[in-house]
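In: build me a model:
(one chain, ligands or ions: 1)
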Amino acid sequence: MGKPDLKVDFAGIQLANPVVLLSGCVGFGEDLARLEGFDFGDVGAICLKGTTLTARQGNPPPRVVETASGMLNAIGLQNPGARHVVDEILPRIGNWPTKLIANIAGSNVEEYGEVARIFDNSPVAGIEINISCPNVKEGGAAFGSDPLVAARVVDAVRKGTSKPIITKLSPNVTDIRTVAKAVIDSGTDGLSAINTLMGMAVDIVSGEAVLGNFQGGLSGAAIKPVALLQVWRVYEVAQPHGIPIMGQGGIETGSDAVEFILAGSSAVGVGTSLFKNPLNGGDVAVGVGEYLAESGHDSVASLVGTLKARSR
Ligand SMILES: Cc1cc2nc3c(=O)[nH]c(=O)nc-3n(C[C@H](O)[C@H](O)[C@H](O)COP(=O)(O)O)c2cc1C
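Out: Numbering: from 1, shown residues only. The predicted model follows:
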């Protein structure tokens with residue numbers, strides 16, 4: 001058998017390999033571009049930093065803290081606003097030899113639609129919707145924790161763009177499948193699972209909360225088992241509709257990525273591990289290729305969702 005094919009068609013976005021660098025972990029990629037040894041062709045796509053309609057300063061510091069096998073972040077969606085990203089940043093980065101995916105957020109449903117409209121006329125290959133932010137208009141609960149509101153967000157984004165839409169699911173819910181079903185019915189083309197888990201850190205010397213925002217999102221190796229289960233659950237409702245999943249949460253190696261593919265991911269996201277090694281995305285892709293070759297698979301697609309029950 002020849003070399004396995006790492007190409008993936010993810011919701012209509014043609015990826016050279018299944019590895020995606022995750023939103024918030026590489027900014028708009030410009031630091032990576034300056035990094036010796038980094039090659040955009042080594043990863044399938046880059047999800048850009050979460051972008052809102054107008055510029056945001058983010059939360060008060062400290063905004064990140066290391067935890068056991070992971071990190072907590074409360075950046076608070078600091079970004080220069082959608083118009084600036086499309087007019088000033090994308091012209092500089094739009095020709096890189098990888099796919100760019102916008103990551104959008106809003107403080108009400110209409111804002112999501114407006115941000116999508118701004119990105120519709122830009123070189124991004126798709127739009128990822130972050131529904132983990134608080135819905136200011138309707139009481140402050142995250143859009144992603146209410147299936148009906150999540151569906152309305154997808155609907156508003158669908159009306160604003162003809163580009164592929166990927167809805168990023170929050171694990172901070174009772175049953176992630178309910179939200180997944182609602183956004184599939186509302187027309188999402190793909191799903192990302194999972195966003196960070198809410199957490200907190202305490203400083204017993206000062207008696208203060210470590211993060212300026214008290215709470216933050218937990219990511220990194222610590223969340224991998226949670227993320228795997230959530231991907232496996234989401235696959236159950238997404239697979240019958242042919243909706244692909246970008247699995248993520250603590251992926252550090254090619255083996256980690258293969259676990260997510262077996263559980264139902266068509267693409268795999270690498271985020272927090274980039275803070276240790278910014279070149280890690282390429283290494284994960286190489287690891288997936290080696291696994292495919294060794295296990296006799298000729299494509300990523302042939303491995304997706306093939307997880308078996310333990311034999312006795
Ligand atoms: C510092 C930081 C900033 C993040 N910013 C965003 C963001 O703007 N939008 C978003 O959807 N997810 C954001 N995330 C979540 C990641 O994209 C990813 O879904 C999550 O961290 C799980 O993957 P990981 O364990 O590989 O990091 C952020 C994560 C970190 C660590």
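
In: what pLDDT does the model give V153?
Out: Looking at V153, its pLDDT is 97.

In: secondary structure class for it?
Out: Put simply, V153 is helix when judged by DSSP: H, G, I helix; E, B strand; the rest coil.

In: so it touches V109, yeah?
Out: Yes - if you go by CB atoms under 8 Å, V153 and V109 touch, sitting 5.6 Å apart. C-beta: built from backbone N, CA, C; applies to glycine.

In: so who does the residue in the stretch 151-300 of the chain that the ligand sits nearest to touch?
Out: Nearest residue of the stretch 151-300 of the chain to the ligand: G271, at 2.6 Å (CB to the nearest ligand atom). By CB atoms under 8 Å, 6 or more residues apart in numbering, the contact list for G271 reads 21-25, 219-220, 248, 251.

In: burial count for the residue nearest to K168 when sequence neighbours are not counted?
Out: Among residues not flanking K168 along the chain, S192 sits closest, at 3.9 Å (CB to CB, 6 or more residues apart in numbering). Look at S192: counted by other CB atoms under 10 Å, it has 29 neighbours.

In: SS state for S192?
Out: strand.

In: dig out what it forms beta bridges with.
Out: K168, M246 (DSSP bridges).

In: isn't it right up against G249?
Out: No - using CB under 8 Å as the test, S192 is too far from G249 to be in contact (10.0 Å).

In: returning to that earlier point: mind checking which of the contacts of G271 are in strands?
Out: Cross-referencing the contacts of G271 against strands under DSSP state E gives 21, 219.

In: intersect the contacts of G271 with the contacts of the ligand.
Out: 22-25, 219-220, 248, 251 (CB under 6 Å from any ligand atom).

In: would you mark the buried spots in the helix or strand hosting E236?
Out: Remark: E236 resides in helix 224-238, with elements defined by DSSP states H and E. Neighbour counts using 16 or more other CB atoms under 10 Å place 224, 227-228, 230-235, 237-238 of helix 224-238 among the buried residues.

In: find residues that contact each of V153 and V109.
Out: Contacts common to V153 and V109, judged by CB under 8 Å, 6+ apart, are F143.

In: these two: which is more packed in?
Out: Using other CB under 10 Å as the criterion, V153 and V109 rank with V153 on top: 31 against 19.

In: mind checking how far that one is from I184?
Out: 13 Å (CB to CB, to the nearest Å).

In: list the contacts of the helix holding E236.
Out: By CB under 8 Å, 6+ apart, the surrounding residues in contact with helix 224-238 are 169, 171, 175-177, 180-181, 184, 191, 193-194, 197, 244-245, 247-251, 256, 259-260, 263-265, 305, 307.

In: which residues does whichever residue of the chain sits closest to the ligand contact?
Out: Relative to the ligand, the nearest point of the chain is G24 (1.9 Å; CB to the nearest ligand atom). By CB under 8 Å, 6+ apart, the contact list for G24 reads 49-50, 73, 75, 103, 271.

In: so of those, which ones are in strands?
Out: Among those, the members found in strands (DSSP E) are 73, 103.

In: which of the contacts of G24 sit farthest apart?
Out: Distance extremes for the contacts of G24: the farthest pair is N73 and N103 at 14.4 Å, using CB to CB.

In: which two of the buried residues of helix 224-238 have the greatest separation?
Out: Between any two of those, the greatest separation by CB to CB is 21.4 Å, found for K224 and V237.

In: stretch 85-100: which residues count as buried?
Out: Neighbour counts over stretch 85-100 (16+ other CB under 10 Å) mark 85-86, 89-90, 93, 96, 98-100 as buried.

In: which of those fall in strands?
Out: Per DSSP E, the subset of the buried residues of stretch 85-100 in strands is 99-100.

In: the ligand contacts on the stretch 51-200 of the chain?
Out: Listed as neighbours of the ligand in the stretch 51-200 of the chain under the rule CB under 6 Å from any ligand atom: 71, 73, 75, 77, 103, 130, 168, 195-196.

In: any regions of the chain where pLDDT drops low?
Out: 1 (pLDDT under 70).

In: just the helices in it please.
Out: For the chain, the helices defined by DSSP state H cover 30-33, 82-84, 90-93, 109-120, 147-160, 176-185, 224-238, 254-262, 280-295.

In: now distance to E138 too, for those helices, in CSV please.
Out: Listed next are those as CSV, based on distance: least, CB to CB, whole Å:
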stretch, distance to E138
helix 30-33, 36
helix 82-84, 22
helix 90-93, 31
helix 109-120, 8
helix 147-160, 7
helix 176-185, 16
helix 224-238, 25
helix 254-262, 33
helix 280-295, 37
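
In: would you mind listing what in the stretch 201-312 of the chain touches the ligand?
Out: 219-220, 223, 248-251, 269-272.
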